[in-house]
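**Q** Compute the structure for the input listed below.
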Amino acid sequence: MKDSMTFEEQVEQIAEALLADFPGQTSQTEFRGLSNQCASVCLQGEGSAASPFDPAAIANTLRHLGDQFNADFERPAQEVIEAEGRKFKENVETLSKTWTIQNPELEYEKAFLLVAVKLFIYIAKKAHDVAQPRLLTEAINAAPEVQHYVERQGGWENLENRRGQNNP
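**A** Okay, here's the model as predicted:
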């Protein structure tokens, strides 16, 4: 029987991969070793074939997808930093709602995911000690609609295949 990770464990590994490029965080080579160990672990979406889970590749995809969102993160990031991370999810929700209002063709769940990643990276650049993986994992794991969105795509590894869809 294959080992399997929960959605929550996958989100944690993706958050760690996002932080791998910043000082004081896990080095890219250390994370790549973990990534290779995870290559045989699969996430199965409803009706989809099993696909390898590579948190480093997924983190890279999320970075690129998040580049679609070009809001001013200074104020929301400063709020999160001053509150030592406590306002992260609140700011992600607000920014996501604003983005989907401005782009009605964009699914809220996708906006939430991309804004969360972009804000998380922005905070890591400004105050890497505040940007702990728990910020991203708690925000995403507290939003079951985001998990359902990822599952509808066929898993994390299929987000890149949908890059051209629903773009603002």
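**Q** what pLDDT does Glu160 get?
**A** At Glu160, the model reports a pLDDT of 64.
**Q** what do you get for Lys125?
**A** Lys125 carries a pLDDT value of 89.
**Q** How about Leu19?
**A** Looking at Leu19, the pLDDT reads 89.
**Q** now swap in Gln68 and tell me
**A** At Gln68, pLDDT is 74.
**Q** Pretty sure it sits against Leu114.
**A** Yes. Between Gln68 and Leu114 there is a contact under Cβ atoms under 8 Å: 6.5 Å. To be clear about C-beta, it is placed using only N, CA and C from the backbone, and glycine gets the same treatment.
**Q** all helices of this structure, in order?
**A** 7-19, 28-38, 55-66, 74-82, 88-102, 108-126, 133-141, 144-152 (DSSP state H).
**Q** returning to what we had before: in terms of neighbours, single out the busier of Gln68 and Leu114.
**A** Applying other Cβ atoms under 10 Å to Gln68 and Leu114 shows that Leu114 carries more neighbours, namely 25 against 17.
**Q** Roughly how far does the residue nearest in space to the middle of the chain sit from Leu65?
**A** Centroid-nearest residue in the chain: Val117, 4.5 Å away (criterion: Cα atoms, centre = their mean). Distance, Val117 to Leu65, by Cβ to Cβ, to the nearest Å: 8 Å.
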